[in-house]
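Trainee: here is my input, please return the structure:
(chains A and B)
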Amino acid sequence: MKIDKELIEKVAKISRLNLNEEEKEIFLKDFKDVLENFSKISRVDVINVELSVQPVKFENVLREDKVENSLDEKDVFLNTKHKEKGFFKGPKIL
Amino acid sequence: MEAEKILDEARSLNKKYNFFITINENLFPEKASPKNEKIKPISVKDNICTKGLRTTAGSKILENYVPVFDATVIEKIKKKYSIIGKTTMDEFGFGSFSTNCAYEVPKNPLDDSRTCGGSSGGCAGYTYASKFSDSSIGESTGGSISCPAAFCGIVGITPTYGLVSRYGLIDYANSLDKIGTFGKSVEDATKLLNVISGYDKKDSTSIKKDKENYESYLGKDVKKLKIAVIKEFSQGEGINNEVEKEFWSGVKKLENKGIKYDEVSFSLTDVFIPTYYIIAMSEASTNLAKYSGIRYGASDELKGTFNEYFSHVRSNNFGKEAKRRILLGTFMRMAGYRDAYYIKALKIRSLIINEYKKLLKNYDVLLIPTMSILPPKFSEIEKLSPVETYMSDLLTVGPNLAGMPMISVPVKKDKPIGMHFIADHLQENKIIQMGDFYERIR
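Mentor: Residues are numbered from 1 along each chain as shown, chains lettered A, B, ... in the order given. Predicted coordinates:
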């Protein structure tokens, strides 16, 4: 795997982050250092080992689909300035 | 206790040590009558939602966020405690020293040139320094309760994953996050755990079990408990000399009281750090995708396309470590790399859990020092690279990956070194018994 500036730019784009040149340099160095350290895991044999998505086993939790109280409209919009007529306002899609 | 005295103390400690992002000037709003003197002031880590009280998770992206609901743990504490304030922390919990902060950096009350530890630094520092407050609600992903508890000379309990509801916690890594408690003593931390633990239908990873009275384990005999000290984590290379010396003097004190122990080995310790960080960063990178500058959190003038607007708001408001973890976490989940990093780490986690389980079949409690180092000075932390900082979590990430309950108890009063007792899932009773016993004989 080649860790270079193009890779950092590609990951940043997917992550929805704009990086300046200085940040690109810093994160490129960090990627190299960190991934070299993390490469230790390649030595561990995990054939026939299951994944542990959680540390404790859980069963699926289902509930009846019934209407319950939810937040007031005032509360829903309390933390945004991007609102209009009971809707959130977002940037243009096209 | 009068609210004004408590607030004055909090303000003056904050001036000196930066324990709070927000002090609750409305402490005891309708409770400030002599009848309610039993209500205690409590501090809460700022990544736990408090209705009407600003909650930032230590991030600029949530600078003006005022939750419209209480986290389950906050609902539960309201009869016995009143929130004095929301404490300083690494942004979203991304750090080991509470220095990755969008706000102030908390200073250690035992030595203000040193860190409180992270990421629940403000909670631990205030609990040590306050005359009025004896406990605090913190949160741990990979050691964020044990580390600051040890560094600030107080007690920290990280419960079994799922014992305490995460509803209303601002996620770092869902499969690792655990809300827990700090206390000036084991008793203080245990009393608070009693209040906040229990099943919650609002959290799908909450464990269904009968409510247990943890206070009943205080003062119990521990002679029957079998202890194992993990060799790799208690001596030699990588363990600071003073930590090693103090830890073994603590073990000796237990031995002198008739507590027997074996020394055991743990394999896979060299992959604890990568396994933990791969899972934590991967989960963090998806969790932070929700900060898009529309429904809540920092925003700006709506300009450009969706992606341009999101990227603009996020880039302006996330700190450096948050960006680093988003980038690395996104990379490790990308097609082509996912199997080698994220999936592989989840499999190694199974091996680590099994090894803990195997050891804990033969022993009741595992014992190691909480941290391998003394609290570093801020001038030393500045010089650390990201990898060097991540390595400082070596001793705490293992039990956190495995979701095991653990307690950190100061090796001696006012000493920034912890004795770390770890037990199997849902055996909080054993760590509380051992921690309480150690505290009395140390």
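
Trainee: and stretch B:124-134, how far from the chain's centre?
Mentor: Stretch B:124-134 has its C-alpha centroid displaced from the chain centroid by 16 Å (Cα atoms, centre = their mean, to the nearest Å).

Trainee: just stretch A:11-18 next, same as before
Mentor: Between the centre of stretch A:11-18 and the centre of its chain there are 11 Å (Cα atoms, centre = their mean).

Trainee: endpoints of it, how far apart?
Mentor: Taking Cα to Cα, to the nearest Å, the first and last residues of stretch A:11-18 lie 10 Å apart.

Trainee: same question for stretch A:65-77.
Mentor: For stretch A:65-77, the first-to-last residue distance is 25 Å (Cα to Cα).

Trainee: and the helices in the chain, which stretches?
Mentor: All of this is about chain A. A:5-14, A:21-38, A:73-76 (DSSP state H).

Trainee: if you could check chain B rather than the one you did, that'd help
Mentor: Listed in chain order (using DSSP H), the helices of chain B are B:3-17, B:72-77, B:121-129, B:146-151, B:186-196, B:241-256, B:272-287, B:306-317, B:320-332, B:344-362, B:378-381, B:386-391, B:397-401, B:428-441.

Trainee: okay, the ones you listed in TSV with mean neighbour count next?
Mentor: In this view, the C-beta of every residue, glycine as well, is placed from N, C-alpha and C. Listed next are the helices of chain B as TSV, based on neighbours: other Cβ atoms under 10 Å in any protein chain shown:
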stretch	mean neighbour count
helix B:3-17	16
helix B:72-77	22
helix B:121-129	32
helix B:146-151	36
helix B:186-196	23
helix B:241-256	16
helix B:272-287	24
helix B:306-317	18
helix B:320-332	24
helix B:344-362	19
helix B:378-381	15
helix B:386-391	18
helix B:397-401	26
helix B:428-441	22
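
Trainee: which one of the ones you listed lies nearest to A:Glu22?
Mentor: Relative to A:Glu22, the nearest member of the helices of chain B by Cβ to Cβ is helix B:320-332, separated by 10.8 Å.

Trainee: for that closest one, what is the average pLDDT?
Mentor: The average pLDDT within helix B:320-332 is 98.

Trainee: turn the helices of chain A into a markdown table, columns for mean neighbour count, mean pLDDT and distance to chain B.
Mentor: As requested, those are arranged in a markdown table below (neighbours: other Cβ atoms under 10 Å in any protein chain shown; pLDDT from 0 to 100; distance: least, Cβ to the nearest Cβ, whole Å):
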| stretch | mean neighbour count | mean pLDDT | distance to chain B |
| --- | --- | --- | --- |
| helix A:5-14 | 16 | 97 | 5 |
| helix A:21-38 | 16 | 98 | 4 |
| helix A:73-76 | 12 | 95 | 4 |
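
Trainee: what's the closest of those helices to B:Lys412?
Mentor: Comparing the helices of chain A under Cβ to Cβ, the one sitting nearest is helix A:21-38, at 34.1 Å.

Trainee: tell me the angle the closest one makes with helix B:344-362.
Mentor: 50 degrees (axes from the mean of the first three to the mean of the last three Cα atoms, to 10 degrees).

Trainee: other SSEs contacting helix A:21-38?
Mentor: Helices and strands touching helix A:21-38, by 3 or more Cβ pairs under 8 Å, 6 or more residues apart in numbering or on different chains; DSSP states H and E, are helix A:5-14, helix B:272-287, helix B:320-332, helix B:386-391.

Trainee: rerun that using 6 Å as the cut-off
Mentor: On a contact count with 3 or more Cβ pairs under 6 Å, 6 or more residues apart in numbering or on different chains; DSSP states H and E, helix A:21-38 meets helix A:5-14, helix B:386-391.

Trainee: excluding chain neighbours, what is closest to B:Arg11?
Mentor: With Cβ to Cβ, 6 or more residues apart in numbering or on different chains as the measure, B:Ile23 is the residue that lies nearest to B:Arg11, at 6.4 Å, once sequence neighbours are left out.

Trainee: format the helices and strands packed on helix A:21-38 as JSON lines; extra columns: distance to A:Leu78.
Mentor: Compiled in JSON lines, the helices and strands packed on helix A:21-38 are given as follows (distance: least, Cβ to Cβ, whole Å):
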{"stretch": "helix A:5-14", "distance to A:Leu78": "31"}
{"stretch": "helix B:386-391", "distance to A:Leu78": "37"}
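
Trainee: and those: which comes nearest B:Cys147?
Mentor: Go through the helices and strands packed on helix A:21-38 one by one with Cβ to Cβ and the one that ends up closest to B:Cys147 is helix B:386-391, at 11.8 Å.

Trainee: show me the shaky parts of the stretch 51-200 of chain B.
Mentor: Screening the stretch 51-200 of chain B residue by residue with the criterion pLDDT under 70, one finds no matching range.

Trainee: get me the contact residues on it for chain A.
Mentor: Counting by Cβ under 6 Å from any Cβ of the partner chain, the residues of the stretch 51-200 of chain B close to chain A are B:Tyr65, B:Val68, B:Tyr161, B:Gly162, B:Ser175.
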